[in-house]
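> Output the structure for:
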Amino acid sequence: MRILFMGTPDFAVASLIRLVEDGHDICGVFTQPDKPKNRGHKLAFSPVKEYALSQNLAVYQPLKMRDGEAMSIVEELAPELIVVAAYGKILPENILNYPKYGSINVHSSLLPKYRGAAPINWAILDGDAETGVSIMYMAKELDAGDVILQKATAIGEDEDALTLTARLAELGAEALAEAVEALKNGTANRTPQDGSKQTYAAMLSKEMSPIDWSRPARAIDCQVRGLIPWPCASTELAGQRFKVYRTAPGGKTDKAPGTILAAGKMGIEVACGDGKSLCITELQAEGGKRMAAAAYLLGHPIQI
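Below you'll find the model as predicted:
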């Protein structure tokens, strides 16, 4: 099938790789414009652009989608299908409706749950036991199109958003391959979403970082795992501010939330609001490097 692919981050690369490996004619790749990176502010390619160039695929990086330029490119490429995976731009209806087989999206949740920008993070933040991917027809309303197929997967007890993203990228690629084949064969399902069950996964912000130790231990653990790699959970303990990257269950305690109970080989154990404690096992002190909490304590002991 002749496909125009649109995507930007690592999550999208797996889907593009699968389409290439399945032998589809990738007539073009849309991705976000190059952006300054790190202290040198050197322009960096998106992960999708890097892979596309390695496969000698034509790459396009329109600044806007509604000024006519993007539509003219689409008309020139004449795709039978548009596939979108975390592109980061909203497509106008004239582009969505152009291809013979329409435009479909690889979305990292079990729609209608977690429409929006950060579905993977919110599944962890909310303590869900399960998430998945949805392949859907794109519609004018955000993530509201009819679903072609879905695949579910359990969320690991210790899984963070970074590792879950990598797994869902592969699951999404698998689901996409099945959906494209079904479209080609005329057997694709088209199941409307139940709008009454929709939830919204808002963009993450730094305001979500500070840990409130009066919350239950498991909720704080979900916060830590759900905010990796950005903006990361943070806390101030013994006068030092930390980013918190990993925690482990502690024990029971009657101490006030936020009290440091122990600091040693197991990490920094802190009382939570539900009578349980949580051990910070991996952290980054302000101005320092990410490391095991035990290693940090060797040079910066905390007195209990």
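> okay, CA-based contacts and neighbour counts for the rest of this
Noted.
> Quick one: residues in contact with stretch 149-164.
Here stretch 149-164 makes contact (Cα atoms under 8 Å, 6 or more residues apart in numbering) with 110, 120-121, 124, 128-136, 171-172, 175, 179, 189, 224-229.
> how's the chain carved up into domains?
Following automatic domain parsing, one finds the domains of the chain at 2-201, 206-299.
> thinking again about what came up before, show me the contacts of stretch 149-164 that map onto helices.
Among the contacts of stretch 149-164, the subset assigned to helices under DSSP state H consists of 120-121, 124, 171-172, 175, 179, 224-226.
> I'd like those written out as CSV, with neighbour count added.
Listed next are the ones in helices among the contacts of stretch 149-164 as CSV, based on neighbours: other Cα atoms under 10 Å:
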residue, neighbour count
120, 24
121, 27
124, 28
171, 22
172, 29
175, 20
179, 21
224, 28
225, 27
226, 29
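> Max pairwise distance over those residues: which two?
For those, with distances taken as Cα to Cα, the pair at the greatest spread is 179 and 224 (34.2 Å).
> Now residue 169. Nearest residue, chain neighbours left out?
Closest residue in space to residue 169, ignoring its immediate chain neighbours: residue 11 at 5.0 Å, by Cα to Cα, 6 or more residues apart in numbering.
> So residue 84 sits against residue 108, correct?
No: using Cα atoms under 8 Å, residue 84 makes no contact with residue 108, being 11.9 Å away.
> All the helices of this structure, residue numbers only.
Counting by DSSP H, the helices of the chain are 10-21, 47-54, 69-77, 93-96, 119-125, 161-185, 217-226, 293-299.
> Nearest to residue 265, out of the ones you listed?
Among the helices of the chain, helix 293-299 comes nearest to residue 265, with 5.0 Å by Cα to Cα.
> and that closest one, which residues are buried?
293-296 (16 or more other Cα atoms under 10 Å).
> and it, what other elements does it pack with?
strand 260-264, strand 267-271, strand 276-285 (3 or more Cα pairs under 8 Å, 6 or more residues apart in numbering; DSSP states H and E).
> thinking again about what came up before, with respect to residue 59, which of the buried residues of helix 293-299 is nearest?
Of the buried residues of helix 293-299, the one sitting nearest to residue 59 (Cα to Cα) turns out to be residue 293, at 43.7 Å.
> Just confirm residue 211 contacts residue 220, I think it does.
Yes: the pair residue 211 / residue 220 is scored as a contact, 6.9 Å apart, by Cα under 8 Å.
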